[in-house]
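> How does the following fold in three dimensions:
(2 chains, ligands or ions: 1)
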Amino acid sequence: MDPLKRVTGIVAPLDMANVDTDQVIPKQFLKRIERTGFGEFAFFNWRYLEDGVPNPDFILNQAAYQGASILVSGPNFGSGSSREHAPWALKEYGFMAVIAPSFGDIFRNNCFQNGMAPIILSQAGVDTIMARALRKPGYTLTVDVEGQRVYDDEGFSESFEMEPFRRESLVEGLDEIGRSLQNSDVITEFEEAHPARW
Amino acid sequence: MPETTPRTMFQKIWEQHIVGDEEEGKPALLYIDLHLIHEVTSPQAFEGLRLANRAVRRPDLVVAVADHDVPTTPRDTEVVIEDPIAKQQLETLDANTRDFGIELFDMYSPEQGIVHVIGPEMGVTQPGMTIVCGDSHTATHGAFGALAFGIGTSEIEHVLATQCLMQARPKTMEVRVIGDLQPGVTGKDLILSIIGQIGVAGGVGHVIEYTGQAIRDLSMEARMTVCNMSIEGGARAGMIAPDEKTFDYLRGRKKVPQGDAFDEAVEGWKQFVTDEDAEFDTVVEINAAEIEPRVTWGTNPGQVAGISGNVPHPEDYELPGDQENAARALEYMNLNPGQRITDISVDRVFIGSCTNGRIEDIRAAAAIAKGYKVAPDVRAMIVPGSTPMKKIAEEEGLDQILIEAGFEWRTAGCSMCLGMNPDILTPGERCASTSNRNFEGRQGRGGLTHLVSPEMAAAAAIEGHFVDVRDWEKAED
Ligand code: SF4
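As a prediction, the model looks like this:
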């Protein structure tokens, strides 16, 4: 996984609460057996009209937000299904960080597993970023994962909490499985002490 | 004196499964007793293993089943899967389980069914276990006093490789249900009320334990319905302490210990109850007596009303955010504020899913439907949660009652719960569904979903609109 120390980029504002993973990547696109190829289907039902033409009213389709690498949205982002296709789709679309006041638990875990930063800011902080991104298309922000701070060049700055282990994995680009496999012996000991129950 | 500190059921299970040491501020390495997999979320995990040249550590603790993509048309002869990508996904599950030595219940297996239905049915789900599956409704298994939760594909890969998972210790929440449910009010109505009360994000970061006499009084099927929808309240897991009902349900099932060994196992399982005086991080109380049959009107399971109620006005909500959400949901659902719930008519009815596709649910639907006919403009479908359950229902003659009433009787799978197979809604179609998610487009793009109990769904199929099942006898002409 590529390390993610810091990202500076255009902010795409998705001003809604409870954006669930069924919206991030609708189920008709879950059938691929690879981890790639989902970006073009992110937010499909909102992004395209019935006949497949881009929906001009959907905010991510507006010229000003092309190339955005930071997504900001309302509370409980990524609720619902466990599908990891959601972070795959967002990352492939180009997002390196998602900012919201709260996240669905499984989605948040899944982001970390894919080197994408889910950042929890205060509602006020999210409101500020949302307002600036809506008012001033092309508005950019920096998410400093290492320094645990989000800031822009108009004076906004807010620090955020992130579990040290999670931060380290993102910043170093560590593979969690590799980390766990180092504990193989301890796992074996545990198995010997607790024979399987069925 | 750590031995005497009262602990919750969750803490007991968690602490028994910690591999190595649990350090403050670091996720623990949690041993997983049972790993369930299905065709949609597992292919990339196996691909990851192959790329890294890693083996499956304990194939004997993994159970695989084909459920999400499978058609629900008869399977007596070879099933043709029209969608080439679904076909590939199912074939990939075949190949992966074969290559890595994992037991698979494919679409033709007599034990096939929805992953969260067959676990308890075969008895692989047992009290005190840690259970994971790449599926958010894994909490269903918590009804047996297990710690069961959904994981993503990278975590699936992690569990396949190590039989462990790195997890930060979640917080605990007690949802205490006081009073009794009224007749005609089900586990589904109870959990929809709980979600309505705590909100769709109310349980984020928590494991819920459901307690109280009303919970004890629920059947195992209804307990599974309640735990199943924990994720709809934001919680990773929901659990209910095991008791005699739990043990009775499990006794004699294929994968539980048999004979004396079973009684011994039961003795061990009895420890998985919350000690008196153990503390939860959050406690929520809900009065069962006040609950009436529920119908969701919006696009998340927290947007729900009682059957005697009305579709709300967005202005009824205090917070501007909630007002906006309600307005948006009403627009999508094509409903008017103030409209009576009983005035909402339906085009489709779906009875099935891991929430309400069990034998008790099919019996309940048949009891309502017996002697009636599905309304002329309604298409109603019953999809048993598993193949064995379908067989039981057929032995009981439930299929005949339902078919005579005009319901379609299908083969087992996830079906229209998420519409990854050909069972989907067309835009604008309105459906009374016993599943768990009424998200926009969940059952088909532009489809309008109302979540209800099986009784309420069956009654809606017959009347063509929502009715109060508590009045069902009275509704007879
Ligand atoms: S029935 Fe629905 S919720 Fe349950 S596992 Fe299948 S798709 Fe998921």
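> got the contact list for the helix-or-strand element of chain A with minimal mean pLDDT?
The helix or strand with the lowest mean pLDDT-type score in chain A, counting by mean pLDDT, DSSP states H and E, is helix A:176-181 (a mean of 84). Residues external to helix A:176-181 that are found in contact with it (Cβ atoms under 8 Å, 6 or more residues apart in numbering or on different chains): A:113, A:169, B:29, B:52, B:54, B:154, B:157, B:158, B:161, B:162, B:164, B:166. For glycine as for every other residue, the C-beta is placed from the backbone atoms N, C-alpha and C.
> Please confirm that the third one is located within a helix.
Put plainly, it is residue B:29. No. When the secondary structure is assigned by DSSP: H, G, I helix; E, B strand; the rest coil, residue B:29 falls in strand instead of a helix.
> re the thing from before, which helix or strand lies directly C-terminal to the least confident helix or strand of chain A?
Using DSSP states H and E, the helix or strand that directly follows helix A:176-181 along the chain is helix A:184-193.
> quick one: that next one near chain B?
Yes. Helix A:184-193 lies within reach of chain B by Cβ under 8 Å from any Cβ of the partner chain, at A:184, A:186, A:187, A:190, A:191.
> Stretch A:33-53 spans what distance, first to last residue?
Counting by Cα to Cα, to the nearest Å, you get 26 Å between the two ends of stretch A:33-53.
> ok, back up a step: which ones among the contacts of helix A:176-181 lie within helices?
Secondary structure assignment (DSSP state H) places A:113, A:169, B:154, B:157, B:158, B:161, B:162 from the contacts of helix A:176-181 within helices.
> Let me know the distance separating residue B:76 from residue B:121.
Distance of residue B:76 to residue B:121, computed by Cβ to Cβ, to the nearest Å: 22 Å.
> The two: who's more crowded?
The residue with more neighbours, out of residue B:76 and residue B:121 and counting by other Cβ atoms under 10 Å in any protein chain shown, is residue B:121; that gives 24 against 7.
> In chain A, which helix is the longest?
In chain A, taking DSSP H as the definition, the longest helix is helix A:123-135.
> Which of the residues of helix A:184-193 next to chain B has the largest number of neighbours?
Within those, residue A:187 tops the neighbour count with 20 neighbours, counted by other Cβ under 10 Å.
> from memory that residue sits against residue B:32, does it?
No. Checked against Cβ atoms under 8 Å, the pair residue A:187 and residue B:32 is beyond contact range at 10.6 Å.
> Please identify every residue contacting each of those two.
In terms of Cβ under 8 Å, 6+ apart, residue A:187 and residue B:32 are both contacted by the residues B:163, B:164.
> which stretches of chain A form strands?
Taking DSSP state E, the strands of chain A run over residues A:6-14, A:70-73, A:97-100, A:117-120, A:140-144, A:149-151, A:157-159.
> Ok, the stretch 351-477 of chain B next?
Ranges of strands in the stretch 351-477 of chain B, per DSSP state E, counting those that start in this stretch, are B:379-382, B:408-409, B:430-433, B:448-451.
> Now the first one - C-alpha only, PDB.
Translated: strand B:379-382. Listed next in PDB are the C-alpha coordinates belonging to strand B:379-382 (Å, rounded to 0.1, in the frame of the first residue of the first chain):
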ATOM      1  CA  ARG B 379     -47.200  -9.300  -7.400                       C
ATOM      2  CA  ALA B 380     -46.100 -11.100  -4.200                       C
ATOM      3  CA  MET B 381     -43.100 -13.300  -3.800                       C
ATOM      4  CA  ILE B 382     -42.000 -15.600  -1.000                       C
END
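> same for that strand, what does it pack against?
strand B:348-351, strand B:408-409 (3 or more Cβ pairs under 8 Å, 6 or more residues apart in numbering or on different chains; DSSP states H and E).
> how many neighbours does residue B:353 have?
By other Cβ under 10 Å, 28 other residues sit near residue B:353.
> now residue B:435
30.
> who's in contact with residue A:75?
Contact criterion Cβ under 8 Å, 6+ apart gives A:17, A:18, A:100, A:101, A:102, A:123, B:201, B:321 as the residues in contact with residue A:75.
> nearest residue to the last one other than its sequence neighbours?
Using Cβ to Cβ, 6 or more residues apart in numbering or on different chains and skipping the chain neighbours, the partner closest in space to residue B:321 is residue A:17 (5.6 Å).
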